[in-house]
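A.B. asks: fold the following, please.
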Amino acid sequence: MKKNIAIVMGGYSSEYEISLNSGNVVYQSLDTEKFNAYKIHIFKNKWVYVNNEDKEFPIDKNDFSVTVDGKKTSFDCVFNAIHGAPGEDGQLQGYFNLLNMPQTSCEMYQAAVTYNKRDCLSILKPYGIKTAESYYVNLGDVIDEDTIIKKVGLPCFVKANKAGSSFGVTKAYKKEDLKASIDTAFKEDDEIIIESFLDGVEVSVGVITYKGATTVLPITEIVSENDFFDYKAKYLGQSQEITPARLTPEQEQSVNTLAKKVYEILKMKGFSRSEFIFKDGEPHLLEINTVPGMTKESILPQQAAVAGISLSELFESAIEDALRYKS
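C.D. replies: Numbers count the residues shown, from 1 in each chain. Presented below is the predicted three-dimensional model:
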């Protein structure tokens with residue numbers, strides 16, 4: 001009997017359009033012989049099922065079901081394609097956990113921790129995971145540029161603490177740039193993280209649960225045409241994404257081992273994509289994404305393709321693993 005799969009997409013953050021693209025790719029890729037796929041749009045003002053004629057039907061949040069023409073449909077599993085809140089920060093994971101409904105991403109705690117860059121890096125540092133020097137600022141704090149520069153140096157990156165797709169990220173070259181950069185970050189979040197600039201090869205490592213086993217995918221090297229891997233580089237083609245990355249065997253082994261170690265320390269499941277920069281020959285962790293982009297152009301699907309895994313196989317495995325995890 002075919003399983004009913006709710007593909008949740010949209011969300012509350014600046015990443016909602018990217019999420020809609022990811023969700024639609026999942027919808028188009030799932031094997032219709034095995035699954036009945038439903039596009040579920042989740043926004044602050046509405047949770048709706050959207051059919052192929054773009055007609056909307058409200059979701060009953062009491063049990064996450066939908067009624068169409070008098071017939072109620074419940075779901076066997078949720079495929080989470082929401083980047084940012086509420087799909088990547090733990091909110092939906094907690095909700096589905098209360099409903100005892102399988103879902104494809106990590107659990108609530110892991111989502112909340114990895115979405116908060118400051119908390120995630122603080123947890124991993126005692127395990128010997130190398131990171132950039134950092135300085136934290138909250139909305140309302142007195143901004144002391146000299147203290148910031150003394151800690152992280154120049155140039156430095158100013159980032160929203162809880163945001164993705166490089167929203168709220170700028171690179172400050174001189175003291176006079178810091179205030180504008182901080183103001184930009186505060187448009188996305190009330191907490192920011194300021195990090196030292198790491199000059200080296202940037203790579204992205206996909207670590208996933210595939211057919212029940214932790215699997216490290218081929219590494220992607222990021223070569224941005226812009227000053228760093230910003231939104232335009234990620235989504236408007238202004239970068240080279242080279243898979244497999246041009247690393248030495250020693251570099252490849254070290255970052256593969258580290259990415260898997262991070263996945264296992266945090267007790268992750270589902271998809272993840274970790275970003276690293278090599279400094280002095282050693283990989284330094286930048287951040288972890290637990291609901292990475294799933295469009296055909298996105299990094300993790302590119303990595304899966306190099307590993308010989310089709311989108312259909314990738315998504316089907318995620319659903320099967322979620323169902324197995326809850327059984």
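A.B. asks: now do Val169, the pLDDT please.
C.D. replies: pLDDT recorded at Val169 is 88.
A.B. asks: which residue is the nearest non-sequential neighbour of it?
C.D. replies: Lys159 (4.8 Å; CB to CB, 6 or more residues apart in numbering). From N, CA and C alone the C-beta is placed, and that goes for glycine too.
A.B. asks: three-state assignment of the one you found?
C.D. replies: strand (DSSP: H, G, I helix; E, B strand; the rest coil).
A.B. asks: touching, Lys61 and Trp47? I think so.
C.D. replies: Yes: assessed by CB atoms under 8 Å, Lys61 is found in contact with Trp47 at 6.4 Å.
A.B. asks: neighbour-wise, which of the two wins?
C.D. replies: Trp47 (18 against 10; other CB atoms under 10 Å).
A.B. asks: mind listing what the most centrally placed residue in the chain touches?
C.D. replies: Most central in the chain under CA atoms, centre = their mean is Asn289, positioned 2.9 Å from the mean C-alpha point. By CB atoms under 8 Å, 6 or more residues apart in numbering, Asn289 lies in contact with His83, Glu88, Thr114, Gly164, Ser272, Arg273, Ser274, Glu275.
A.B. asks: which parts of the stretch 1-150 of the chain are strands?
C.D. replies: Remark: strands assigned in the stretch 1-150 of the chain by DSSP state E, counting those that start in this stretch are 3-10, 35-43, 46-50, 56-60, 65-68, 71-73, 77-80, 134-138.
A.B. asks: and the ones you listed as JSON lines, adding distance to Ser310 and mean pLDDT?
C.D. replies: As requested, the strands of the stretch 1-150 of the chain are exported to JSON lines (distance: least, CB to CB, whole Å; pLDDT from 0 to 100):
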{"stretch": "strand 3-10", "distance to Ser310": "17", "mean pLDDT": "98"}
{"stretch": "strand 35-43", "distance to Ser310": "15", "mean pLDDT": "98"}
{"stretch": "strand 46-50", "distance to Ser310": "25", "mean pLDDT": "98"}
{"stretch": "strand 56-60", "distance to Ser310": "30", "mean pLDDT": "98"}
{"stretch": "strand 65-68", "distance to Ser310": "29", "mean pLDDT": "98"}
{"stretch": "strand 71-73", "distance to Ser310": "27", "mean pLDDT": "98"}
{"stretch": "strand 77-80", "distance to Ser310": "16", "mean pLDDT": "98"}
{"stretch": "strand 134-138", "distance to Ser310": "39", "mean pLDDT": "96"}
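A.B. asks: Gly70: how many residues sit nearby?
C.D. replies: Around Gly70 there are 5 other residues, counting by other CB under 10 Å.
A.B. asks: my bad, should have said Ala322
C.D. replies: Neighbour count of Ala322, defined by other CB under 10 Å: 25.
A.B. asks: what do you get for Glu252?
C.D. replies: Considering only other CB under 10 Å, Glu252 is surrounded by 18 other residues.
A.B. asks: Ala180 too?
C.D. replies: So Ala180, with other CB under 10 Å, has 12 neighbours.
A.B. asks: distance of Val26 from Leu285?
C.D. replies: For Val26, the distance to Leu285 equals 27 Å [CB to CB, to the nearest Å].
A.B. asks: which of the two has more residues huddled nearby?
C.D. replies: The neighbour comparison of Val26 against Leu285 (other CB under 10 Å) goes to Val26, with 26 against 22.
A.B. asks: next up, the contacts around the closest residue to that one other than its chain neighbours.
C.D. replies: Nearest residue to Val26, sequence neighbours excluded (CB to CB, 6+ apart): Ile7, at 5.1 Å. Shown in contact with Ile7 (CB under 8 Å, 6+ apart): Gly23, Val26, Tyr27, Leu30, Ala37, Tyr38, Lys39, Ile40, Val78, Phe79, Ala81.
A.B. asks: chain neighbours aside, what residue packs nearest to the fourth one?
C.D. replies: Excluding the flanking residues, the one nearest Leu30 by CB to CB, 6+ apart is Ala37, at 4.8 Å.
A.B. asks: and that neighbour, what does it touch?
C.D. replies: So Ala37 contacts Ile5, Ile7, Val26, Tyr27, Leu30 (CB under 8 Å, 6+ apart).
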